[in-house]
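Chemist: here's my sequence, what's the structure:
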Amino acid sequence: MEALAPALQARAAGPLRGRVKPPGDKSISHRALILGLLCIGETKIEGLLEGDDVLRTAAACAALGAKVERLGEGHWRVQGCGIGSLLAPREPLDFGNSGTGMRLMMGVAGGHAITACFDGDASLRKRPMRRILDPLCLMGAEVLSQSEGGRCPVVLKGTSEPLPIEFSPPVASAQIKSAVLLAGLNSPGRTVVIEASATRDHTERMLKHFGASLSVEPFGDHGKKISLEGRPELRPAHVMVPSDPSSAAFSLVAATIVPGSDIIIEGMMMNPLRIGLLTTLLDMGADIEILDRRDEGGEEVADLRVRAAPLRGVDVPESRAPSMIDEYPILAVAAAFASGETRMRGLAELRVKESDRLAAVAEGLREAGVSNHIVDDDLIVEGRAGDVEGGGMVATHLDHRIAMSFLCLGLASRRSMGIDDSSMIATSFPKFQSLMEQLGARFS
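Modeler: Numbers count the residues shown, from 1 in each chain. Below you'll find the model as predicted:
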(Lines give C-alpha, C1' and ligand atoms only; values in the text may rest on other atoms or scores of the structure.)
Protein backbone atom coordinates (compact mmCIF):
# COMPACT_ATOMS: atom_id res chain seq x y z
CA MET A 1 0.00 0.00 0.00
CA GLU A 2 1.33 3.41 -0.98
CA ALA A 3 2.34 5.61 1.96
CA LEU A 4 0.83 9.09 1.98
CA ALA A 5 2.09 12.03 3.99
CA PRO A 6 -0.36 13.10 6.69
CA ALA A 7 -0.78 16.60 5.26
CA LEU A 8 -0.86 17.13 1.50
CA GLN A 9 -1.08 20.06 -0.94
CA ALA A 10 -2.44 20.01 -4.49
CA ARG A 11 -1.64 22.72 -7.02
CA ALA A 12 -2.49 23.53 -10.62
CA ALA A 13 0.09 22.13 -13.05
CA GLY A 14 -1.40 22.08 -16.51
CA PRO A 15 -3.90 19.75 -18.19
CA LEU A 16 -4.53 16.16 -17.15
CA ARG A 17 -3.82 13.67 -19.95
CA GLY A 18 -3.71 9.88 -20.35
CA ARG A 19 -5.61 6.76 -19.33
CA VAL A 20 -6.52 5.65 -15.83
CA LYS A 21 -8.16 2.53 -14.43
CA PRO A 22 -9.72 3.27 -11.04
CA PRO A 23 -9.59 0.57 -8.36
CA GLY A 24 -12.17 -2.18 -8.03
CA ASP A 25 -15.58 -1.26 -6.69
CA LYS A 26 -15.64 -1.20 -2.90
CA SER A 27 -19.29 -2.26 -2.56
CA ILE A 28 -18.83 -5.31 -4.77
CA SER A 29 -15.49 -6.22 -3.15
CA HIS A 30 -17.09 -6.40 0.32
CA ARG A 31 -19.98 -8.50 -0.97
CA ALA A 32 -17.83 -10.89 -3.00
CA LEU A 33 -15.83 -11.80 0.11
CA ILE A 34 -18.95 -12.21 2.26
CA LEU A 35 -20.78 -14.39 -0.29
CA GLY A 36 -17.60 -16.43 -0.65
CA LEU A 37 -17.69 -17.02 3.12
CA LEU A 38 -21.32 -18.21 2.89
CA CYS A 39 -20.65 -20.77 0.13
CA ILE A 40 -19.20 -24.23 0.54
CA GLY A 41 -16.25 -24.38 -1.84
CA GLU A 42 -13.86 -22.01 -3.57
CA THR A 43 -14.75 -18.54 -4.85
CA LYS A 44 -12.20 -16.65 -6.96
CA ILE A 45 -12.27 -12.86 -7.11
CA GLU A 46 -10.45 -10.71 -9.69
CA GLY A 47 -9.98 -6.96 -9.30
CA LEU A 48 -10.69 -6.88 -5.56
CA LEU A 49 -10.11 -3.45 -4.05
CA GLU A 50 -7.16 -3.84 -1.69
CA GLY A 51 -7.98 -0.80 0.42
CA ASP A 52 -8.05 -1.03 4.20
CA ASP A 53 -11.86 -1.17 4.36
CA VAL A 54 -12.05 -4.30 2.21
CA LEU A 55 -9.05 -5.94 3.87
CA ARG A 56 -10.92 -5.61 7.20
CA THR A 57 -13.85 -7.52 5.71
CA ALA A 58 -11.45 -10.20 4.42
CA ALA A 59 -10.04 -10.54 7.94
CA ALA A 60 -13.56 -10.79 9.41
CA CYS A 61 -14.45 -13.56 6.93
CA ALA A 62 -11.35 -15.47 8.05
CA ALA A 63 -12.29 -14.95 11.70
CA LEU A 64 -15.71 -16.49 10.99
CA GLY A 65 -14.24 -19.66 9.47
CA ALA A 66 -13.34 -18.98 5.83
CA LYS A 67 -9.90 -19.55 4.34
CA VAL A 68 -9.02 -16.29 2.61
CA GLU A 69 -5.93 -16.11 0.40
CA ARG A 70 -4.34 -13.39 -1.74
CA LEU A 71 -3.05 -14.96 -4.95
CA GLY A 72 -1.66 -11.75 -6.48
CA GLU A 73 -2.58 -8.10 -6.89
CA GLY A 74 -6.39 -7.98 -6.91
CA HIS A 75 -6.66 -11.79 -7.19
CA TRP A 76 -8.11 -13.53 -4.14
CA ARG A 77 -9.52 -16.92 -3.23
CA VAL A 78 -12.13 -17.62 -0.53
CA GLN A 79 -12.79 -21.15 0.72
CA GLY A 80 -16.18 -20.76 2.38
CA CYS A 81 -17.77 -22.74 5.20
CA GLY A 82 -21.42 -22.31 4.19
CA ILE A 83 -24.64 -20.84 5.58
CA GLY A 84 -25.29 -22.02 9.13
CA SER A 85 -21.70 -23.16 9.70
CA LEU A 86 -19.89 -20.01 10.79
CA LEU A 87 -17.49 -20.04 13.72
CA ALA A 88 -17.72 -17.58 16.58
CA PRO A 89 -14.77 -15.18 16.35
CA ARG A 90 -12.20 -15.42 19.14
CA GLU A 91 -11.40 -11.70 19.08
CA PRO A 92 -13.43 -8.54 18.40
CA LEU A 93 -14.01 -7.87 14.69
CA ASP A 94 -12.19 -4.58 14.04
CA PHE A 95 -13.53 -2.85 10.93
CA GLY A 96 -11.30 0.23 11.16
CA ASN A 97 -13.09 2.97 9.22
CA SER A 98 -15.44 0.68 7.28
CA GLY A 99 -19.12 1.27 7.99
CA THR A 100 -20.11 -0.91 5.02
CA GLY A 101 -18.05 -3.89 6.17
CA MET A 102 -19.36 -3.65 9.73
CA ARG A 103 -23.02 -3.28 8.81
CA LEU A 104 -23.03 -6.09 6.24
CA MET A 105 -21.20 -8.42 8.61
CA MET A 106 -23.65 -7.57 11.40
CA GLY A 107 -26.33 -8.99 9.10
CA VAL A 108 -24.31 -12.17 8.56
CA ALA A 109 -23.62 -12.65 12.28
CA GLY A 110 -27.19 -11.76 13.30
CA GLY A 111 -28.48 -14.68 11.24
CA HIS A 112 -26.18 -17.26 12.84
CA ALA A 113 -25.86 -18.78 16.31
CA ILE A 114 -22.66 -16.91 17.12
CA THR A 115 -21.75 -14.01 19.38
CA ALA A 116 -19.41 -11.37 17.97
CA CYS A 117 -18.03 -8.02 19.11
CA PHE A 118 -17.97 -5.31 16.43
CA ASP A 119 -15.58 -2.37 16.78
CA GLY A 120 -13.75 0.22 14.70
CA ASP A 121 -11.72 3.41 14.77
CA ALA A 122 -12.69 6.73 16.35
CA SER A 123 -14.66 7.79 13.28
CA LEU A 124 -16.59 4.51 13.00
CA ARG A 125 -17.42 4.62 16.71
CA LYS A 126 -19.42 7.79 16.04
CA ARG A 127 -21.63 6.26 13.34
CA PRO A 128 -25.18 5.01 14.08
CA MET A 129 -25.74 1.25 14.15
CA ARG A 130 -29.28 1.03 15.57
CA ARG A 131 -30.68 1.26 12.05
CA ILE A 132 -29.01 -2.11 11.41
CA LEU A 133 -29.50 -3.65 14.84
CA ASP A 134 -33.24 -2.92 15.08
CA PRO A 135 -34.32 -5.15 12.15
CA LEU A 136 -31.83 -7.84 13.23
CA CYS A 137 -33.47 -7.88 16.67
CA LEU A 138 -36.86 -8.29 14.96
CA MET A 139 -35.40 -11.42 13.37
CA GLY A 140 -34.29 -12.82 16.74
CA ALA A 141 -30.78 -11.47 17.27
CA GLU A 142 -29.92 -9.86 20.59
CA VAL A 143 -27.69 -6.89 21.40
CA LEU A 144 -25.75 -7.84 24.53
CA SER A 145 -23.92 -4.52 24.83
CA GLN A 146 -23.53 -1.27 22.90
CA SER A 147 -22.17 2.21 23.34
CA GLU A 148 -24.47 5.19 23.75
CA GLY A 149 -26.93 5.61 20.88
CA GLY A 150 -26.35 2.13 19.48
CA ARG A 151 -22.77 2.84 18.50
CA CYS A 152 -19.87 0.41 18.54
CA PRO A 153 -18.33 -1.39 20.23
CA VAL A 154 -21.40 -3.62 19.90
CA VAL A 155 -21.69 -7.22 21.09
CA LEU A 156 -24.27 -9.01 18.96
CA LYS A 157 -25.69 -12.47 19.69
CA GLY A 158 -27.11 -14.00 16.55
CA THR A 159 -29.82 -16.63 16.15
CA SER A 160 -29.78 -20.00 14.43
CA GLU A 161 -33.42 -19.52 13.36
CA PRO A 162 -33.79 -15.96 12.00
CA LEU A 163 -37.45 -15.05 11.72
CA PRO A 164 -38.57 -14.25 8.16
CA ILE A 165 -39.72 -10.64 8.24
CA GLU A 166 -41.11 -7.99 5.91
CA PHE A 167 -39.15 -4.80 6.57
CA SER A 168 -39.27 -1.25 5.24
CA PRO A 169 -36.02 0.63 6.02
CA PRO A 170 -36.65 4.04 7.64
CA VAL A 171 -34.07 5.66 5.33
CA ALA A 172 -32.85 4.80 1.84
CA SER A 173 -29.84 2.63 2.65
CA ALA A 174 -28.31 -0.27 0.74
CA GLN A 175 -26.52 -1.23 3.95
CA ILE A 176 -29.75 -1.73 5.92
CA LYS A 177 -31.33 -3.69 3.06
CA SER A 178 -28.22 -5.83 2.66
CA ALA A 179 -27.89 -6.62 6.36
CA VAL A 180 -31.51 -7.85 6.50
CA LEU A 181 -31.08 -9.97 3.36
CA LEU A 182 -27.81 -11.47 4.58
CA ALA A 183 -29.44 -12.39 7.91
CA GLY A 184 -32.38 -13.81 5.97
CA LEU A 185 -30.12 -16.26 4.13
CA ASN A 186 -30.29 -18.56 7.18
CA SER A 187 -34.03 -18.05 7.75
CA PRO A 188 -36.43 -20.97 7.24
CA GLY A 189 -38.81 -18.70 5.30
CA ARG A 190 -39.01 -15.70 2.97
CA THR A 191 -37.41 -12.38 3.92
CA VAL A 192 -38.86 -9.28 2.24
CA VAL A 193 -37.38 -5.77 2.11
CA ILE A 194 -39.52 -2.94 0.73
CA GLU A 195 -37.66 0.22 -0.33
CA ALA A 196 -39.54 3.46 -0.89
CA SER A 197 -36.54 4.67 -2.92
CA ALA A 198 -34.40 2.08 -4.68
CA THR A 199 -30.78 1.92 -3.51
CA ARG A 200 -27.74 0.30 -5.12
CA ASP A 201 -28.57 -3.30 -5.93
CA HIS A 202 -25.19 -5.05 -5.70
CA THR A 203 -26.36 -7.39 -2.93
CA GLU A 204 -29.32 -8.59 -5.00
CA ARG A 205 -27.15 -9.09 -8.10
CA MET A 206 -24.45 -10.88 -6.10
CA LEU A 207 -26.95 -13.16 -4.35
CA LYS A 208 -28.35 -14.22 -7.73
CA HIS A 209 -24.81 -14.70 -9.07
CA PHE A 210 -24.17 -17.14 -6.21
CA GLY A 211 -27.42 -19.05 -6.80
CA ALA A 212 -29.88 -17.58 -4.29
CA SER A 213 -33.60 -17.54 -5.08
CA LEU A 214 -34.48 -13.85 -5.10
CA SER A 215 -37.07 -11.71 -6.88
CA VAL A 216 -37.24 -7.93 -7.34
CA GLU A 217 -40.46 -6.07 -8.18
CA PRO A 218 -41.21 -2.35 -8.62
CA PHE A 219 -42.82 -0.71 -5.59
CA GLY A 220 -44.48 2.70 -5.76
CA ASP A 221 -42.97 5.43 -7.89
CA HIS A 222 -39.28 4.93 -7.07
CA GLY A 223 -39.07 1.83 -4.88
CA LYS A 224 -38.50 -1.90 -5.03
CA LYS A 225 -39.73 -4.99 -3.21
CA ILE A 226 -37.04 -7.62 -2.74
CA SER A 227 -38.02 -11.17 -1.71
CA LEU A 228 -35.41 -13.75 -0.67
CA GLU A 229 -36.02 -17.46 -0.06
CA GLY A 230 -34.03 -18.58 2.97
CA ARG A 231 -31.49 -21.39 3.21
CA PRO A 232 -30.48 -21.62 -0.46
CA GLU A 233 -27.64 -23.83 -1.62
CA LEU A 234 -25.23 -21.08 -2.57
CA ARG A 235 -22.64 -22.18 -5.11
CA PRO A 236 -19.11 -20.75 -5.42
CA ALA A 237 -18.83 -18.22 -8.24
CA HIS A 238 -16.13 -16.33 -10.09
CA VAL A 239 -16.38 -12.58 -9.48
CA MET A 240 -14.81 -9.88 -11.67
CA VAL A 241 -14.91 -6.58 -9.80
CA PRO A 242 -15.49 -3.54 -12.09
CA SER A 243 -13.94 -0.11 -11.49
CA ASP A 244 -15.59 1.82 -8.66
CA PRO A 245 -17.71 4.80 -9.81
CA SER A 246 -17.12 6.46 -6.44
CA SER A 247 -13.34 6.33 -7.01
CA ALA A 248 -13.57 7.17 -10.72
CA ALA A 249 -15.46 10.30 -9.64
CA PHE A 250 -12.25 12.10 -8.67
CA SER A 251 -10.48 11.84 -12.03
CA LEU A 252 -13.83 12.44 -13.76
CA VAL A 253 -14.37 15.79 -12.04
CA ALA A 254 -10.69 16.76 -12.06
CA ALA A 255 -10.48 16.35 -15.85
CA THR A 256 -13.68 18.37 -16.24
CA ILE A 257 -12.43 21.37 -14.23
CA VAL A 258 -8.69 21.46 -15.12
CA PRO A 259 -8.39 23.46 -18.39
CA GLY A 260 -7.20 21.53 -21.42
CA SER A 261 -7.62 18.08 -19.86
CA ASP A 262 -8.43 15.01 -21.96
CA ILE A 263 -8.42 11.59 -20.28
CA ILE A 264 -9.85 8.07 -20.64
CA ILE A 265 -11.30 6.32 -17.57
CA GLU A 266 -11.25 2.57 -18.17
CA GLY A 267 -13.92 0.05 -17.21
CA MET A 268 -16.16 2.16 -14.93
CA MET A 269 -19.27 0.41 -13.66
CA MET A 270 -22.42 1.77 -15.31
CA ASN A 271 -25.01 0.28 -12.95
CA PRO A 272 -28.00 2.69 -13.20
CA LEU A 273 -28.17 2.93 -9.41
CA ARG A 274 -24.54 4.14 -9.20
CA ILE A 275 -24.19 6.78 -11.93
CA GLY A 276 -25.98 9.73 -10.39
CA LEU A 277 -22.79 11.82 -10.54
CA LEU A 278 -22.28 11.06 -14.24
CA THR A 279 -25.90 12.03 -14.94
CA THR A 280 -25.52 15.26 -12.97
CA LEU A 281 -22.24 16.26 -14.64
CA LEU A 282 -23.83 15.73 -18.06
CA ASP A 283 -26.73 17.97 -16.92
CA MET A 284 -24.12 20.59 -16.00
CA GLY A 285 -22.60 20.51 -19.50
CA ALA A 286 -19.61 18.23 -18.93
CA ASP A 287 -17.89 16.81 -22.01
CA ILE A 288 -18.06 13.06 -21.33
CA GLU A 289 -18.19 10.45 -24.08
CA ILE A 290 -19.30 6.92 -23.14
CA LEU A 291 -17.31 4.28 -25.06
CA ASP A 292 -17.41 0.48 -25.43
CA ARG A 293 -20.29 -0.47 -23.17
CA ARG A 294 -19.88 -4.13 -22.17
CA ASP A 295 -20.77 -6.67 -19.49
CA GLU A 296 -18.21 -7.83 -16.94
CA GLY A 297 -19.17 -10.17 -14.10
CA GLY A 298 -22.86 -9.33 -14.21
CA GLU A 299 -22.39 -5.55 -14.25
CA GLU A 300 -22.36 -3.20 -17.25
CA VAL A 301 -19.11 -1.24 -17.61
CA ALA A 302 -17.81 1.34 -20.09
CA ASP A 303 -14.83 3.53 -20.81
CA LEU A 304 -15.32 7.29 -20.46
CA ARG A 305 -13.51 9.98 -22.43
CA VAL A 306 -13.55 13.17 -20.34
CA ARG A 307 -12.47 16.57 -21.62
CA ALA A 308 -12.44 19.89 -19.79
CA ALA A 309 -15.61 21.89 -20.25
CA PRO A 310 -17.39 24.91 -18.72
CA LEU A 311 -20.10 23.86 -16.28
CA ARG A 312 -23.40 25.47 -15.33
CA GLY A 313 -25.20 25.25 -12.01
CA VAL A 314 -28.14 22.85 -11.72
CA ASP A 315 -30.79 21.75 -9.25
CA VAL A 316 -30.00 18.17 -8.17
CA PRO A 317 -33.20 16.39 -7.11
CA GLU A 318 -33.43 14.51 -3.82
CA SER A 319 -34.50 11.38 -5.72
CA ARG A 320 -31.00 11.13 -7.18
CA ALA A 321 -29.30 10.91 -3.77
CA PRO A 322 -29.30 7.09 -3.43
CA SER A 323 -27.40 6.75 -6.72
CA MET A 324 -24.63 9.18 -5.74
CA ILE A 325 -24.61 9.42 -1.96
CA ASP A 326 -20.80 9.11 -1.74
CA GLU A 327 -20.17 11.52 -4.62
CA TYR A 328 -21.63 14.72 -3.19
CA PRO A 329 -18.28 16.04 -1.88
CA ILE A 330 -16.68 15.84 -5.33
CA LEU A 331 -19.88 17.14 -6.97
CA ALA A 332 -19.63 20.17 -4.67
CA VAL A 333 -16.13 20.76 -6.07
CA ALA A 334 -17.51 20.64 -9.62
CA ALA A 335 -20.28 23.04 -8.55
CA ALA A 336 -17.63 25.48 -7.25
CA PHE A 337 -16.25 25.80 -10.80
CA ALA A 338 -19.68 26.10 -12.48
CA SER A 339 -21.39 29.32 -13.46
CA GLY A 340 -24.44 30.02 -11.32
CA GLU A 341 -25.97 28.25 -8.35
CA THR A 342 -26.07 24.50 -7.77
CA ARG A 343 -28.55 23.19 -5.22
CA MET A 344 -28.12 19.61 -3.95
CA ARG A 345 -31.31 18.50 -2.24
CA GLY A 346 -32.01 15.96 0.50
CA LEU A 347 -28.54 15.35 1.94
CA ALA A 348 -29.54 14.31 5.47
CA GLU A 349 -27.67 11.01 5.08
CA LEU A 350 -24.39 12.90 4.62
CA ARG A 351 -24.54 13.94 8.26
CA VAL A 352 -23.93 10.34 9.42
CA LYS A 353 -21.17 9.22 7.04
CA GLU A 354 -17.47 8.93 8.00
CA SER A 355 -17.81 12.55 9.14
CA ASP A 356 -20.66 15.05 9.02
CA ARG A 357 -19.94 15.37 5.32
CA LEU A 358 -22.46 18.12 4.79
CA ALA A 359 -20.74 20.39 7.30
CA ALA A 360 -17.26 19.29 6.19
CA VAL A 361 -17.96 20.08 2.53
CA ALA A 362 -19.41 23.49 3.39
CA GLU A 363 -16.38 24.29 5.55
CA GLY A 364 -13.94 23.12 2.85
CA LEU A 365 -15.61 25.25 0.18
CA ARG A 366 -15.32 28.31 2.42
CA GLU A 367 -11.60 27.57 2.85
CA ALA A 368 -11.34 27.69 -0.95
CA GLY A 369 -13.20 31.01 -1.14
CA VAL A 370 -16.45 29.55 -2.46
CA SER A 371 -19.69 30.89 -1.02
CA ASN A 372 -22.22 28.28 0.02
CA HIS A 373 -24.93 27.72 2.58
CA ILE A 374 -27.00 24.90 4.02
CA VAL A 375 -30.80 25.18 4.10
CA ASP A 376 -32.36 22.30 6.02
CA ASP A 377 -30.76 19.27 4.28
CA ASP A 378 -29.86 21.08 1.07
CA LEU A 379 -26.41 22.37 0.09
CA ILE A 380 -26.36 25.46 -2.13
CA VAL A 381 -23.06 26.33 -3.85
CA GLU A 382 -22.45 29.67 -5.56
CA GLY A 383 -20.30 28.74 -8.55
CA ARG A 384 -17.23 30.77 -9.44
CA ALA A 385 -17.34 30.09 -13.22
CA GLY A 386 -13.92 28.44 -13.22
CA ASP A 387 -12.24 31.10 -11.08
CA VAL A 388 -11.77 29.49 -7.65
CA GLU A 389 -9.25 31.16 -5.37
CA GLY A 390 -8.15 28.15 -3.26
CA GLY A 391 -5.33 28.70 -0.82
CA GLY A 392 -6.96 27.17 2.26
CA MET A 393 -6.31 24.16 4.50
CA VAL A 394 -9.24 21.74 4.75
CA ALA A 395 -10.00 19.71 7.87
CA THR A 396 -10.76 16.19 6.60
CA HIS A 397 -12.27 14.84 9.84
CA LEU A 398 -10.76 11.41 9.05
CA ASP A 399 -12.92 11.24 5.90
CA HIS A 400 -11.25 9.88 2.76
CA ARG A 401 -13.75 11.41 0.34
CA ILE A 402 -13.39 14.89 1.81
CA ALA A 403 -9.61 14.52 1.47
CA MET A 404 -9.63 13.43 -2.19
CA SER A 405 -12.32 15.92 -3.21
CA PHE A 406 -10.45 18.98 -2.01
CA LEU A 407 -7.16 17.76 -3.44
CA CYS A 408 -8.96 17.68 -6.80
CA LEU A 409 -10.15 21.26 -6.20
CA GLY A 410 -6.52 22.30 -5.70
CA LEU A 411 -5.61 21.00 -9.16
CA ALA A 412 -7.76 23.73 -10.74
CA SER A 413 -7.77 26.61 -8.24
CA ARG A 414 -5.54 29.71 -8.55
CA ARG A 415 -3.73 28.92 -5.30
CA SER A 416 -2.76 25.50 -3.96
CA MET A 417 -5.20 23.69 -1.69
CA GLY A 418 -4.17 21.70 1.37
CA ILE A 419 -5.71 18.96 3.49
CA ASP A 420 -4.71 18.31 7.09
CA ASP A 421 -4.50 14.52 6.80
CA SER A 422 -4.29 12.16 3.82
CA SER A 423 -3.61 8.91 5.66
CA MET A 424 -7.24 7.70 5.55
CA ILE A 425 -7.31 7.81 1.73
CA ALA A 426 -5.94 4.26 1.89
CA THR A 427 -9.29 3.01 3.21
CA SER A 428 -10.83 3.18 -0.28
CA PHE A 429 -8.20 4.32 -2.82
CA PRO A 430 -4.64 3.48 -1.75
CA LYS A 431 -3.14 4.45 -5.14
CA PHE A 432 -5.04 7.74 -5.51
CA GLN A 433 -1.94 9.93 -5.46
CA SER A 434 0.13 7.89 -7.92
CA LEU A 435 -2.75 7.40 -10.38
CA MET A 436 -3.58 11.10 -10.40
CA GLU A 437 0.12 11.96 -10.80
CA GLN A 438 0.25 9.69 -13.86
CA LEU A 439 -2.33 12.01 -15.42
CA GLY A 440 -0.28 15.10 -14.55
CA ALA A 441 -1.55 16.08 -11.09
CA ARG A 442 0.93 17.73 -8.71
CA PHE A 443 0.97 17.10 -4.96
CA SER A 444 3.48 18.08 -2.29
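Chemist: so where's the stretch 251-400 of the chain uncertain?
Modeler: 297 (pLDDT under 70).
Chemist: show me where the stretch 101-250 of the chain has its helices.
Modeler: Under the criterion DSSP state H, counting those that start in this stretch, helices of the stretch 101-250 of the chain are mapped to 130-138, 174-184, 202-209, 245-257.
Chemist: and the longest one, what does it pack against?
Modeler: Counting by 3 or more CB pairs under 8 Å, 6 or more residues apart in numbering; DSSP states H and E, the packing neighbours recorded for helix 245-257 are strand 262-269, helix 276-283, strand 287-296, strand 299-307, helix 328-336, helix 400-410, helix 432-439. (C-beta placed from N, C-alpha, C; glycine too.)
Chemist: now render these as JSON lines, adding mean neighbour count and distance to Met417.
Modeler: Shown next, in JSON lines, are those (neighbours: other CB atoms under 10 Å; distance: least, CB to CB, whole Å):
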{"stretch": "strand 262-269", "mean neighbour count": "21", "distance to Met417": "20"}
{"stretch": "helix 276-283", "mean neighbour count": "20", "distance to Met417": "20"}
{"stretch": "strand 287-296", "mean neighbour count": "13", "distance to Met417": "24"}
{"stretch": "strand 299-307", "mean neighbour count": "19", "distance to Met417": "21"}
{"stretch": "helix 328-336", "mean neighbour count": "29", "distance to Met417": "10"}
{"stretch": "helix 400-410", "mean neighbour count": "28", "distance to Met417": "3"}
{"stretch": "helix 432-439", "mean neighbour count": "19", "distance to Met417": "13"}
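Chemist: closest to Gly82 out of those?
Modeler: Gly82 lies closest to strand 299-307 among those, at 25.5 Å (CB to CB).
Chemist: give me the contacts around the helix or strand following that closest one.
Modeler: Downstream of strand 299-307, the first helix or strand assigned by DSSP states H and E is strand 315-316. Identification of contacts with strand 315-316 by CB atoms under 8 Å, 6 or more residues apart in numbering yields 280, 331, 342-345.
Chemist: centre of the chain to strand 315-316, how far?
Modeler: 22 Å (CA atoms, centre = their mean, to the nearest Å).
Chemist: tabulate the contacts of strand 315-316 (a markdown table), appending distance to Lys177.
Modeler: Shown next, in a markdown table, are those (distance: CB to CB, whole Å):
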| residue | distance to Lys177 |
| --- | --- |
| Thr280 | 24 |
| Leu331 | 24 |
| Thr342 | 29 |
| Arg343 | 28 |
| Met344 | 23 |
| Arg345 | 22 |
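Chemist: closest one of the residues you listed to Pro169?
Modeler: Distances from Pro169 to these, taken by CB to CB, are shortest for Arg345, at 19.9 Å.
Chemist: my read: the closest one touches Pro317, true?
Modeler: Yes - between Arg345 and Pro317 there is a contact under CB atoms under 8 Å: 6.0 Å.
Chemist: in terms of neighbours, single out the busier of these two.
Modeler: Shown here are Arg345 and Pro317; by other CB atoms under 10 Å, Arg345 has more neighbours (17 against 13).
Chemist: so who does that one touch?
Modeler: Arg345 sits next to 315-318, 321, 377-378 when contact means CB under 8 Å, 6+ apart.
Chemist: now swap in Val143 and tell me
Modeler: Contacts for Val143 (CB under 8 Å, 6+ apart) come out as 133, 137, 150, 154-157.
Chemist: and it, how far from Lys126?
Modeler: For Val143, the distance to Lys126 (CB to CB, to the nearest Å) stands at 18 Å.
Chemist: and for Gly390?
Modeler: 29 Å.
Chemist: with Arg307 instead?
Modeler: 40 Å.
Chemist: thinking again about what came up before, most neighbours, which of the contacts of Val143?
Modeler: In the contacts of Val143, the most neighbours by other CB under 10 Å go to Leu156, 26 neighbours.
Chemist: I figured it was touching His112, is that so?
Modeler: No - at 10.2 Å, Leu156 does not count as touching His112 under the criterion of CB under 8 Å.
Chemist: where do the contact lists of the two overlap?
Modeler: Contacts common to Leu156 and His112, judged by CB under 8 Å, 6+ apart, are absent.
Chemist: the contacts of Arg345: which two are farthest apart?
Modeler: Maximum pairwise distance among these (CB to CB): 14.3 Å, between Asp315 and Asp377.
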